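K.L.:
Quick one: sequence plus predicted model below, questions after.
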Amino acid sequence: MQPVKQVSGRAYPWGAKNVDTDVIIPAHWLKTVTREGLGKGAFETVRAEPGNIFDDPRYAGSPVLIAGDNFGCGSSREHAAWALADLGITAVIAPSFSDIFSGNAFKNGIVTVVLPQDAIDRLIEVAKTDPVTVDLETMTVTTPFQDRFGFDLDPFRRQCLMEGLDEIGLTLARDAAISGYEAKVAGERPWLAKRAA
């Protein structure tokens, strides 16, 4: 997982509420076992509409999505986070998120920022013409117009995102302690070491 300390750039000023995981990535895209290519299916039903925001060249490659309340509700498919990441989205800002989606996003290096509706409304207006910055070091969302919105994030999740540590990375970071414990157990209980070999 890549470290995420700051996400800055254009943002999709969408604001839609109750966007479920089937809207983020429809079920027929779930047959894959890889993460690559899911961005093509992201928001497929929305993209079927002419003039949709996700195919608007002004927002192509935007790393931020500004959404409405209850983003990521519905099924627990991790493919929703994979699709957003493959689309290039590294941060989603909304008034609230489904707990399961928020957990899946975190595990895939996507920052979920909770802000009140009035801040969302302001960011949607700014994002139509200017960039937005999400900064994990200062825990703020800012704009070129001196807007500054503070947000909270679980300290453990924040540290993992900033250091690029997923579950495997966290385990590897404890390699010396794990190896030391295994050596100690092998010395104290050699019959276990023989069985494992």
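P.N.:
Cool, the structure landed.
K.L.:
Need the single longest helix in this protein, by residues.
P.N.:
Counting by DSSP state H, the longest helix found in the chain is helix 175-188.
K.L.:
Who are the packing partners of that one?
P.N.:
With contacts taken as 3 or more Cβ pairs under 8 Å, 6 or more residues apart in numbering; DSSP states H and E, helix 175-188 sits against helix 190-196. Every residue, glycine included, has its C-beta placed from N, CA and C.
K.L.:
for the record, mean pLDDT for the helix it packs on?
P.N.:
If you average the pLDDT over helix 190-196, you get 71.
K.L.:
Equivalent analysis for stretch 73-87, please.
P.N.:
Here the average pLDDT along stretch 73-87 is 95.
K.L.:
Touching that stretch from outside, list them.
P.N.:
18-22, 24-25, 29-30, 32, 35-42, 54, 65, 72, 92, 98, 100-101, 104-105, 107-110 (Cβ atoms under 8 Å, 6 or more residues apart in numbering).
K.L.:
Over to stretch 23-30?
P.N.:
Residues contacting stretch 23-30 (Cβ under 8 Å, 6+ apart): 38, 41-46, 72, 77, 79-80, 82-84.
K.L.:
List buried members of the residues you listed by neighbour count.
P.N.:
Buried subset of those (neighbour count, 16 or more other Cβ atoms under 10 Å): 38, 41-44, 46, 72, 77, 79-80, 82-84.
K.L.:
what's the closest of those residues to P3?
P.N.:
P3 has its nearest neighbour among the buried ones among the contacts of stretch 23-30 in L84, at 17.8 Å by Cβ to Cβ.
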